[in-house]
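Novice: Attaching a predicted model along with its sequence, questions to come.
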Amino acid sequence: MSDIQKLETNEKLSRVVIHQGVAYLSGLTADDRSADTFGQTLQVLRKADILLGKAQSDKSKILSAQIWMRDINEFDEMNRAWTTWLDGTVPPARATVGATFALADIRVEIQFTAAV
Amino acid sequence: MSDIQKLETNEKLSRVVIHQGVAYLSGLTADDRSADTFGQTLQVLRKADILLGKAQSDKSKILSAQIWMRDINEFDEMNRAWTTWLDGTVPPARATVGATFALADIRVEIQFTAAV
Amino acid sequence: MSDIQKLETNEKLSRVVIHQGVAYLSGLTADDRSADTFGQTLQVLRKADILLGKAQSDKSKILSAQIWMRDINEFDEMNRAWTTWLDGTVPPARATVGATFALADIRVEIQFTAAV
């Protein structure tokens, strides 16, 4: 399997899987979950920056993002963090829906696919 | 980034991102949300036709679809619009689950990945 | 469309779509839905083994998985089946959220993308 690279692996998942020039990331959540939706979203996006860097990618090369929110009514708050982070970068394709999470204090989870 | 094409971009997302022969679309919703689930699904699928066309793709080249529904009990109604639209086209891989949306009158959202 | 292969097709979906070395699977659910979350997850994963085999792939080549659960509080039960099935295989990227399903007795649905 020399053509599949798996990084940051634990027993359940690999945070980054690279194949044929595309990086598939695991769903990312915030470490400090006492933060509100704006804060959790920024944490997720900074974590994405680091993981994308390990895959020789960056936010300008993200192809697609799926965003799940505990409370979809906080959509604007999440978007405020999203556009702050983009900071003028042309955004990827994206979909956002409400869902439930394994940990009650998770407010947002984002999964990315990116070019490397 | 000459190898990534982003079309129909706004500040939050690009409706179509093309990379290495694959188009990643944003989640699509209906413009006239007074329509029922059948009608909203058809609107979404016609919007997809247009976006796929801009990516030099079409419904026969869709690889995968994710469908989110406000009321998963309207699954059959969504499927009726889906098969009407397919009109004999061999369908893509697909998954459908219920979720919540940022706008209360959205009944269905679909995100596609397609070959170009 | 000689470059897109669609397998196990019905009127609504193809269970496997192969394009440029990547297989896109449909969301898989258990056939015996009287089983609990552990049992349904194992059924889904065994079904995935078969479908991946038809695509000349296998669980070690899965790139990404999305898991939807009826009751996200049964996360540990699902993970127990997941790691049993992995049996030491380095895992793919993954995201898991709670959602609702078209059939009330579905407890888990998983959608895979794999290298072929």
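Specialist: Cool, the structure landed.
Novice: show me what contacts the nearest residue to A:Ala55 once chain neighbours are set aside?
Specialist: Leaving out its chain neighbours, the residue that sits closest to A:Ala55 by Cβ to Cβ, 6 or more residues apart in numbering or on different chains is A:Ala23, at 4.2 Å. Just so you know, the C-beta spots here come from the backbone N, C-alpha and C atoms, and that holds for glycine as well. Contacts for A:Ala23 were tallied using Cβ atoms under 8 Å, 6 or more residues apart in numbering or on different chains; they are A:16-17, A:52, A:55, A:57, A:112-116.
Novice: Now with 10 Å, please.
Specialist: Contacts for A:Ala23 were tallied using Cβ atoms under 10 Å, 6 or more residues apart in numbering or on different chains; they are A:5, A:7, A:16-17, A:51-52, A:54-57, A:61-63, A:112-116, C:63-64, C:93.
Novice: Could you list the low-pLDDT ranges of chain A?
Specialist: Of all residues in chain A, those with pLDDT under 70 make up the ranges A:1-2.
Novice: what ranges do the strands span in it?
Specialist: Ranges of strands in chain A, per DSSP state E, are A:4-9, A:14-19, A:22-25, A:62-69, A:93-98, A:108-115.
Novice: For B:Gln43, find the nearest of the ones you listed.
Specialist: Nearest of these to B:Gln43, taken as Cβ to Cβ: strand A:93-98 at 16.4 Å.
Novice: Now do that closest one against strand B:62-69, angle only.
Specialist: 30 degrees (axes from the mean of the first three to the mean of the last three Cα atoms, to 10 degrees).
Novice: quick one, strand A:93-98 and strand A:108-115 angle?
Specialist: 160 degrees.
Novice: Give me the longest helix you can find in chain A.
Specialist: helix A:37-54 (DSSP state H).
Novice: For that helix, list the C-alpha coordinates in CSV.
Specialist: C-alpha atoms of helix A:37-54 as CSV (Å, rounded to 0.1, in the frame of the first residue of the first chain):
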residue,chain,number,x,y,z
THR,A,37,-19.5,28.0,18.7
PHE,A,38,-17.3,30.8,17.4
GLY,A,39,-14.4,29.7,19.6
GLN,A,40,-14.8,26.0,18.9
THR,A,41,-15.0,26.6,15.2
LEU,A,42,-11.7,28.6,15.3
GLN,A,43,-10.0,25.8,17.2
VAL,A,44,-11.2,23.3,14.7
LEU,A,45,-9.9,25.4,11.8
ARG,A,46,-6.5,26.0,13.5
LYS,A,47,-6.3,22.2,14.0
ALA,A,48,-7.0,21.8,10.3
ASP,A,49,-4.2,24.2,9.4
ILE,A,50,-1.8,22.0,11.3
LEU,A,51,-3.0,18.7,9.8
LEU,A,52,-3.1,20.2,6.3
GLY,A,53,0.5,21.3,6.8
LYS,A,54,1.5,17.8,7.7
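Novice: if I look at the residue positioned nearest the centre of chain A, how far off is chain C?
Specialist: For chain A, the residue nearest the mean C-alpha position is A:Ile110 (3.7 Å; Cα atoms, centre = their mean). Distance of A:Ile110 to chain C, computed by Cβ to the nearest Cβ, to the nearest Å: 9 Å.
Novice: ok, now which ones touch that residue?
Specialist: Counted by Cβ under 10 Å, 6+ apart, A:Ile110 has contacts A:25, A:27-29, A:40-41, A:44-45, A:47-48, A:65-69, A:78, A:82, A:94, A:96, C:95.
Novice: can you narrow those residues to ones near chain B?
Specialist: When contact is defined as Cβ under 10 Å from any Cβ of the partner chain, the contacts of A:Ile110 meet chain B at A:65-69, A:78, A:82, A:94, A:96.
Novice: which of those residues lies closest to C:Asn73?
Specialist: A:Trp68 (16.4 Å).
Novice: right, and the closest one touches A:Ala99 too?
Specialist: Yes: between A:Trp68 and A:Ala99 there is a contact at 4.1 Å, judged by Cβ atoms under 10 Å.
Novice: so what sits against both of those two?
Specialist: Common neighbours of A:Trp68 and A:Ala99 (Cβ under 10 Å, 6+ apart) are A:106, A:108-109, B:99-100, C:95-99.
Novice: Export those residues as TSV, with columns for neighbour count and distance to A:Glu74.
Specialist: Listed next are the shared contacts of A:Trp68 and A:Ala99 as TSV, based on neighbours: other Cβ atoms under 10 Å in any protein chain shown; distance: Cβ to Cβ, whole Å:
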residue	neighbour count	distance to A:Glu74
A:Ile106	20	13
A:Val108	32	8
A:Glu109	25	13
B:Ala99	27	15
B:Thr100	20	12
C:Ala95	21	19
C:Thr96	25	21
C:Val97	25	16
C:Gly98	21	17
C:Ala99	27	19
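Novice: Need those in a markdown table (columns: distance to A:Glu11).
Specialist: Shown next, in a markdown table, are these (distance: Cβ to Cβ, whole Å):
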| residue | distance to A:Glu11 |
| --- | --- |
| A:Ile106 | 20 |
| A:Val108 | 25 |
| A:Glu109 | 19 |
| B:Ala99 | 28 |
| B:Thr100 | 31 |
| C:Ala95 | 16 |
| C:Thr96 | 14 |
| C:Val97 | 20 |
| C:Gly98 | 22 |
| C:Ala99 | 24 |
